[in-house]
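Sequence isn't available, so here's the structure alone:
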């Protein structure tokens with residue numbers, strides 16, 4: 001039954017994806033455990049990318065523990081599931097953060113298929129076209145390696161694992177890389193809350209060495225960069241502010257700016273993105289292939 005529903009949804013999404021001129025790059029940011037600053041990095045990275053002139057959307061895919069509203073200090077009343085159920089429009093749930101940045105409150109997983117009525121989903125896909133102008137969509141996933149998280153990681157163009165220099169966090173990050181390697185070989189990593197570049201590179205090199213020895217020699221684990229430990233970051237979080245807005249001259253800001261520039265370079269190369277996959281509807285086109 002679910003397979004039949006998925007086929008119908010795929011046909012609807014494929015139909016709605018025709019004649020699009022813009023590509024959206026989907027970047028999933030995840031972690032092996034909570035508390036490593038994943039959502040802080042996701043929200044601030046989205047802001048910096050939008051500041052560069054890109055049209056950016058950030059999708060809160062952390063089921064049950066969504067917290068991007070706190071990061072951006074905004075109130076959320078409804079999410080994507082309300083749209084699919086016909087209780088709201090896509091425009092109703094979008095929260096503008098800056099001129100080029102929007103927050104998309106999300107729900108995900110098999111519950112979406114409970115509302116796969118053709119008329120409702122077709123309406124949703126048509127409304128989702130208002131987001132087809134997005135250059136980048138950051139997907140802030142939950143921590144861990146659950147099935148619903150893997151679904152987003154497999155659908156993304158880029159996957160970035162965030163960890164900190166803590167033995168338990170490093171172990172969980174390695175376990176996450178090992179799980180992701182079952183369905184993709186290209187994985188990025190950001191080291192957060194480090195003392196300096198030397199510490200970050202040393203930890204990354206150790207993880208990569210163990211991964212290459214025990215997972216696969218073909219694993220393409222790449223170092224996106226580090227975020228230096230700084231009290232300004234936690235101070236901004238407590239005040240429900242983005243540290244990249246409040247402290248634009250801080251070291252963490254420069255660190256994240258370097259990471260953003262790497263992503264922009266990938267965007268310019270336009271790697272792995274097909275012309276038919278844009279915005280929110282493009283993401284759903286990929287997600288429903290898992291049902």
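Received the coordinates, thanks. This structure is a prediction, so every number in the text was calculated from the model and none was measured. Numbering: from 1, shown residues only.

Just to check, residue 24 is in contact with residue 138?
No: Residue 24 lies out of contact with residue 138 (Cβ atoms under 8 Å); the separation is 10.8 Å. In this view, the C-beta of every residue, glycine as well, is placed from N, C-alpha and C.

ok, the two, which is more surrounded?
residue 138 (31 against 25; other Cβ atoms under 10 Å).

hang on, that one in a strand?
Yes: per DSSP: H, G, I helix; E, B strand; the rest coil, residue 138 lies within a strand segment.

Doesn't residue 104 lie inside a strand?
Yes: the assignment for residue 104 is a strand, going by three-state DSSP.

which non-adjacent residue is nearest it?
residue 59 (4.5 Å; Cβ to Cβ, 6 or more residues apart in numbering).

low pLDDT regions in this protein?
Residue ranges of the chain with pLDDT under 70: 1-22, 62-66, 107-131, 146-148, 270-291.

How much space separates the spatially most central residue of the chain from residue 247?
Nearest residue to the geometric centre of the chain (Cα atoms, centre = their mean): residue 139, 2.0 Å. Distance of residue 139 to residue 247, computed by Cβ to Cβ, to the nearest Å: 26 Å.

Please apply the same query to residue 235.
In terms of Cβ to Cβ, residue 235 sits 8 Å off from residue 247.

which parts of the helix or strand hosting residue 71 are buried?
Assigned by DSSP states H and E, residue 71 belongs to helix 68-72. By 16 or more other Cβ atoms under 10 Å, the buried positions in helix 68-72 come out as 68-69, 71-72.

Tell me the helices and strands packed up against the helix or strand immediately after that helix in the chain.
Per DSSP H and E, helix 68-72 leads on to helix 80-84 as the next helix or strand towards the C-terminus. Contact partners of helix 80-84 among helices and strands, from 3 or more Cβ pairs under 8 Å, 6 or more residues apart in numbering; DSSP states H and E: helix 90-93, helix 118-128.

Mind putting the buried residues of helix 68-72 into a markdown table with distance to residue 214?
Converted to a markdown table, the buried residues of helix 68-72 look like this (distance: Cβ to Cβ, whole Å):
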| residue | distance to residue 214 |
| --- | --- |
| 68 | 34 |
| 69 | 39 |
| 71 | 35 |
| 72 | 39 |
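
Residue 263 against residue 46, yeah?
No: Residue 263 lies out of contact with residue 46 (Cβ under 8 Å); the separation is 10.6 Å.

okay, and the common contacts of these two?
Shared contacts of residue 263 and residue 46 (Cβ atoms under 8 Å, 6 or more residues apart in numbering): residue 136.

Please report the number of neighbouring residues for residue 205.
Residue 205: 11 neighbours (other Cβ under 10 Å).

likewise residue 239?
11.

The closest residue to it other than its chain neighbours: what's it in contact with?
Leaving aside its chain neighbours, residue 239 sits nearest to residue 246 (7.4 Å; criterion: Cβ to Cβ, 6+ apart). Counting by Cβ under 8 Å, 6+ apart, residue 246 makes contact with 232, 235-236, 239.

Just the buried ones out of the residues you listed, please.
Applying 16+ other Cβ under 10 Å to those flags residue 236 as buried.
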